[in-house]
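[1] Provided below are the primary sequence and the corresponding predicted coordinates.
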Amino acid sequence: MTDTKKVVRTFTGRVVSDKMDKTVTVLVERKVKHPLIGKVIVKSNKFHAHDEKNESKEGDLVVITENRPISKTKSWVVSKIVTKAVQV
């Protein structure tokens with residue numbers, strides 16, 4: 001009997017849109033080395049994440065975790081708000 005633990009993917013990113021109800025758009029940036037040139041470049045992806053209490057606002061740094069599909073585009077959930085955005 002083997003105890004296998006499911007690997008849950010987590011990303012840290014910045015909220016770029018909070019206009020939808022219970023949904024935020026999170027921009028996740030990562031640095032990768034170009035295979036031919038060797039220069040370090042920044043690649044980015046946007047994910048729609050479920051935010052049940054509408055707590056995160058635009059500019060917040062959040063941690064999102066993979067979850068079962070909630071809608072057509074949402075399969076991530078905001079698990080933690082790391083830093084809040086400075087309100088001006």
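    Sure, I can see it.

[2] okay, now the unreliable bits of this structure?
    Low-confidence segments of the chain, defined by pLDDT under 70: 1, 88.

[3] show me where it has helices.
    Ranges of helices within the chain: none, based on DSSP state H.

[4] can you give me the strands for it?
    Using DSSP state E, the strands assigned to the chain run over residues 10-17, 23-33, 40-50, 61-66, 74-83.

[5] of these, which approaches residue 4 most closely?
    Closest to residue 4 of the strands of the chain is strand 61-66 (C-beta to C-beta; 16.9 Å). C-beta coordinates here come from the backbone N, C-alpha and C atoms, glycine included.

[6] would you turn the strands of the chain into CSV with mean neighbour count and distance to residue 2?
    Shown next, in CSV, are the strands of the chain (neighbours: other C-beta atoms under 10 Å; distance: least, C-beta to C-beta, whole Å):
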stretch, mean neighbour count, distance to residue 2
strand 10-17, 16, 24
strand 23-33, 15, 32
strand 40-50, 13, 32
strand 61-66, 18, 23
strand 74-83, 16, 27
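
[7] dump the ones you listed into TSV; add distance to residue 4 as well.
    Output for those, formatted as TSV (distance: least, C-beta to C-beta, whole Å):
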stretch	distance to residue 4
strand 10-17	19
strand 23-33	27
strand 40-50	26
strand 61-66	17
strand 74-83	22
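
[8] name the nearest residue to residue 21, sequence neighbours excluded.
    residue 54 (7.2 Å; C-beta to C-beta, 6 or more residues apart in numbering).

[9] wait, doesn't the one you found sit right on residue 22?
    Yes: counting by C-beta atoms under 8 Å, residue 22 is a contact partner of residue 54 at 6.1 Å.

[10] contacting residues for the closest residue to residue 20 other than its chain neighbours?
    Closest residue in space to residue 20, ignoring its immediate chain neighbours: residue 48 at 8.0 Å, by C-beta to C-beta, 6+ apart. Applying C-beta atoms under 8 Å, 6 or more residues apart in numbering to residue 48 gives the contacts 20, 23, 24, 25, 26, 71, 73, 74, 76.
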